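1. what shape does this take:
(chains A and B)
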Amino acid sequence: MSTSAIIMMIISMLIVWGGLVAAILRLRQHPQPQDELPPGAHRAE
Amino acid sequence: MTEQPREQWATRTGFLLAAIGSAVGLGNIWRFPAIAYDNGGGAFLLPYLIALLTAGIPLLIMEYAIGRKYRLSPPAALRRMARPAEAIGWWQVAISFVIATYYAVIIAWAVRYVGFSVGQQWGDDPEAFLFGDFLRAPDTPGFLDGFVPGVFWPLVVVWVVVLGILAFGIRRGIERANKVFIPLLFVLFAALVIRALTLDGAATGLDALFTPDWSELGNGTVWVAAYGQIFFSLSIGFGIMVTYASYLGRRADLTGSAMVAGFANSSFEILAGIGVFATLGYLATASGVGVDEVAGAGIGLAFVAFPAVISEMPFGGFFGVLFFSSLVIAGLSSLISIVQVVVSAVQDRTGMRRRTAVLGVGGLVALVSLVLFPTESGIYLLDASDHFINQYGIALAALVGLIVIVWVLRQLPSLQENADATSAVRLGHWWRICLGVITPLTLGWMMVDSLRTEFQENYEGYSTGFLLSAGWSVAIGALLVGVILSLMPWPAGGEDIDLDMESPADRKDH
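-> Next up, the predicted model:
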C-alpha cells in the first residue's frame, strides 16, 4: 500500500470509529429517566 | 374508540440497536465501497464526513424529534403539525410499502446464496448462473411472465420471519431481534474482514480504495455522491426514524442517540469498505487484472463478483456463508423497520391492534412482493422500481417534507426546544442552518442532477415503455396514493386515536 493510502485509511478509521466511541461515551453520561404517567392518564386493560 | 397504551422501547440500547439495524443495510455493504472508490478514494472521506455532520445527523435528529414529540407514525404526526402535511406522511408510507416488496426479494436471494456458497453451485460463470439458472431472467423485461420457485420459497420464509418478529411488537419483537441481529452481524462481518485481510492482494485492494485523489474534491458530482450516500444509507426521509422514535419515552435523549446511530452506520461502512476492497484486491491479483476491472456495486458485486472470489479462495464456502449471512441479517433488520412504518401508520389511523395490522397490512405487503417478484422479469422490475422510488420517492419526499416542515410550517424552533429539553447534546444554530439551507440545497441539487441524467438516456437502456410502467408509475403512484389516503376522512373520533396513555378527553384539554 502507498503511504498516502495507509494514512487515509488510518485517518478514516480514527475519525469515524473514534466519533462512534465519543458519541457512545457522551450518551452514557446522560441519565436515562423513565416516563411517568401523565396526569389523568390510565393504562389500557 | 381505542386506548391501548403506546408501546415503548424497553431500553435505550434496544432503541439504538434497532435504529442502527435499520440504518445498516445492504447499501452499507454493496454501495459505499464502490461510491468511495469512484469518487476520490481516500479523499472522499472529507465530503462524506461533512455530509454526515451537516445533513445525515441533523436529519436524524429532526426525525427523532418529530417521532418523540408527537409519539405518532409519520402521517398522524404530520397531521398534528398541519392538516395538509398528512399527505407527505402517507407518501412516505407508500414509499416504504414499495421498498419493502422488493427489498425482501434481495434478502431471499442472499438466503439461497448462503446455501449455494457451500458447494459453489454457480460453477465457473457466476453471472450466467445468477441471471440464467437462478433468476431465469429473459433478455428483455416482460411482466409477470414466469414463476420462479427458487426465489418464491425463500421469499416466503423471509416474510414469515419478518411478520413473525413484528407480530411480537416493539419490545418483544423488534427490540429482541435486533439485540441478536446486530452483535451477530458485527461478529460475522468482522470474521469476514479478518479473512479478507489475510488474502494475497488485499493490500492492492485497500490501496485502490484509500489512495486519495484530492483533485476530485473540486468536482461537484463527488459532493452530490457523498450527500447521496449519507442520505440513502441512514434510512432517512421515508418515515422509519419518525416511526421508531415514536416509541421512545417522553424524556428520552434524542441528539446523543442520533450521533451514535449516525457514526455507527458510518463505522460499519468503513468496515465494509475494507472487507470488500481487500476481497476485490485478491480477485484482481488472482485474475491478473487491475482492481478497476473487478470493482462494482450492488447486485453485480454481491451476487457475481463475490461468488467468483469464493470459488477462487481456499475454504471459500466458509467465506461465502459469512458474506451472505451478513447480507441476510443486515437486510432483515432494515426490512423490519420498513414494514413497521406501514404497520404503525395503519394502526395509528385505524386503532387496529398490532397483530391484526401486522397480519393484514404486513400480509398485503408480503402478498404483493410474492406475486410480483419471484417471476422471470422480477429482476428488471426490482431494478427499475428501486431506482425510481429512491430518486423520485425517498429523495423527493424528503426534500418536500423538509421544505414544508422548515420553511412553511416553521417547526424547527419548537422541535429544537423539544429535543434540547431531554437530550445529551444541545442543538445550536448550526442545526437549523443545516436543515434550513444546506440539506434542502444538496437534496435539490441531487434531484436536478438525477433528472438531467434521466432525460439524457434511459436508465440502464430499458425501453421507455418499461420505464414508464415499472419506474415512473411506481414513483408517481406512491405520491398519488399518499395524497388520496390523506384525503380520506378519518373515522369518528379518529383524530384522537393515538394509542397513547391519554384518553381523547384528556388530549382535548391540552
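
2. look at the spatially closest residue to B:Asp292 that is not a sequence neighbour and give its secondary structure.
-> Once flanking residues are discounted, B:Asp292 sits nearest to B:Ala208: 7.3 Å by Cβ to Cβ, 6 or more residues apart in numbering or on different chains. For every residue, glycine as well, the C-beta is placed using N, CA and C. Under the three-state scheme (DSSP: H, G, I helix; E, B strand; the rest coil), B:Ala208 adopts helix.

3. and B:Ala208, how far is that from A:Met9?
-> 12 Å (Cβ to Cβ, to the nearest Å).

4. about what we covered before: the residue nearest to B:Asp292 and B:Gly56, how far apart?
-> Going from B:Ala208 to B:Gly56 by Cβ to Cβ gives 26 Å.

5. okay, those two: which has more neighbours?
-> Using other Cβ atoms under 10 Å in any protein chain shown as the criterion, B:Ala208 and B:Gly56 rank with B:Gly56 on top: 29 against 21.

6. ok now do that one, which residues does it touch?
-> Counting by Cβ atoms under 8 Å, 6 or more residues apart in numbering or on different chains, B:Gly56 makes contact with B:230-231, B:234, B:236, B:262.

7. what of B:Leu135?
-> B:148, B:151, B:376, B:378-379.

8. weed out the non-buried ones from those.
-> Using 16 or more other Cβ atoms under 10 Å in any protein chain shown as the burial test, these include B:148, B:151, B:376, B:378-379 as buried.

9. reformat those residues as TSV; add distance to chain A and secondary structure.
-> Shown next, in TSV, are the buried ones among the contacts of B:Leu135 (distance: Cβ to the nearest Cβ, whole Å; DSSP: H, G, I helix; E, B strand; the rest coil):
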residue	distance to chain A	secondary structure
B:Val148	40	coil
B:Val151	36	helix
B:Glu376	42	coil
B:Gly378	36	helix
B:Ile379	33	helix
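
10. other SSEs contacting the helix or strand containing B:Ala76?
-> B:Ala76 is part of helix B:74-81, with elements assigned from DSSP states H and E. Contact analysis of helix B:74-81 by 3 or more Cβ pairs under 8 Å, 6 or more residues apart in numbering or on different chains; DSSP states H and E lists helix B:57-70, helix B:86-119, helix B:240-245, helix B:316-350, helix B:473-487 as its packing neighbours.

11. mind running it again at 6 Å?
-> In this structure, helix B:74-81 makes packing contacts with helix B:57-70, helix B:86-119, judged by 3 or more Cβ pairs under 6 Å, 6 or more residues apart in numbering or on different chains; DSSP states H and E.

12. could you check the angle helix B:316-350 makes with it?
-> 40 degrees (axes from the mean of the first three to the mean of the last three Cα atoms, to 10 degrees).

13. get me the contact residues on the stretch 351-500 of chain B for chain A.
-> Neighbours of chain A within the stretch 351-500 of chain B, by Cβ under 6 Å from any Cβ of the partner chain: B:Ala424.

14. which stretches of the chain have low pLDDT?
-> You didn't pick a chain, so chain A it is. Across chain A, residues meeting the criterion (pLDDT under 70) sit at A:35-45.

15. try again with chain B
-> B:1-4, B:491-510.

16. leaving aside the residues next to it on the chain, what's closest to the closest residue to chain A within chain B?
-> In chain B, no residue comes nearer to chain A than B:Gly42, which is 2.9 Å away by Cβ to the nearest Cβ. In space, and not counting its chain neighbours, B:Gly42 is closest to A:Met8: 2.9 Å by Cβ to Cβ, 6+ apart.

17. what about the one you found, distance to B:Trp214?
-> Distance from A:Met8 to B:Trp214, by Cβ to Cβ: 10 Å.

18. quick one: which of these two has more around it?
-> A count of neighbours by other Cβ under 10 Å puts A:Met8 above the other of A:Met8 and B:Trp214, at 23 against 12.

19. and the angle for the strand or helix carrying that one with helix B:57-70?
-> Per DSSP H and E, A:Met8 falls inside helix A:3-28. Here the directions of helix A:3-28 and helix B:57-70 differ by 20 degrees (the same axes, to 10 degrees).

20. for helix A:3-28, packing partners?
-> Looks like helix A:3-28 contacts helix B:202-210, helix B:255-287 (3+ Cβ pairs under 6 Å, 6+ apart).

21. if I pick B:Gly42, what's in contact with it?
-> Neighbour list for B:Gly42: A:8, B:210-212 [criterion: Cβ atoms under 6 Å, 6 or more residues apart in numbering or on different chains].

22. could I get those residues as JSON lines with distance to B:Ala177?
-> Converted to JSON lines, the contacts of B:Gly42 look like this (distance: Cβ to Cβ, whole Å):
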{"residue": "A:Met8", "distance to B:Ala177": "36"}
{"residue": "B:Phe210", "distance to B:Ala177": "34"}
{"residue": "B:Thr211", "distance to B:Ala177": "39"}
{"residue": "B:Pro212", "distance to B:Ala177": "39"}
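
23. closest to B:Ser311 out of the residues you listed?
-> B:Phe210 (26.9 Å; Cβ to Cβ).

24. any idea how far the spatially most central residue of chain B lies from B:Thr13?
-> Closest to where the C-alpha atoms of chain B average out (Cα atoms, centre = their mean) is B:Ser235, at 4.5 Å. Applying Cβ to Cβ, the value for B:Ser235 to B:Thr13 is 19 Å.

25. and for B:Asp348?
-> Taken as Cβ to Cβ, the span from B:Asp348 to B:Thr13 is 26 Å.

26. and the two? Which one has more around it.
-> It is B:Asp348, of B:Asp348 and B:Thr13, that has more neighbours when counted by other Cβ under 10 Å, with 28 against 16.

27. OK, contacts around that one?
-> B:Asp348 touches B:72-73, B:76, counting by Cβ under 6 Å, 6+ apart.

28. adding distance to B:Tyr102, write those residues out as JSON lines.
-> Output for those, formatted as JSON lines (distance: Cβ to Cβ, whole Å):
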{"residue": "B:Leu72", "distance to B:Tyr102": "27"}
{"residue": "B:Ser73", "distance to B:Tyr102": "22"}
{"residue": "B:Ala76", "distance to B:Tyr102": "26"}
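
29. out of these, who's nearest B:Phe455?
-> Using Cβ to Cβ, the contacts of B:Asp348 come closest to B:Phe455 at B:Ser73, 35.2 Å.

30. tell me how many other residues crowd the closest one.
-> Other residues close to B:Ser73 by other Cβ under 10 Å number 28.

31. kindly report the same for B:Arg136.
-> Neighbour count of B:Arg136, defined by other Cβ under 10 Å: 18.

32. in this structure it contacts B:Ser377, no?
-> No - taking Cβ atoms under 6 Å as the definition, B:Arg136 is not a contact partner of B:Ser377, at 9.6 Å.

33. contacting residues for the residue in chain A that chain B sits nearest to?
-> Of all residues in chain A, A:Met8 sits closest to chain B, at 2.9 Å by Cβ to the nearest Cβ. By Cβ under 6 Å, 6+ apart, the residues touching A:Met8 are B:42, B:210, B:212.

34. one more: B:Gln347?
-> B:Gln347 neighbours (Cβ under 6 Å, 6+ apart): B:Ala357.

35. I appreciate the help and will end here.
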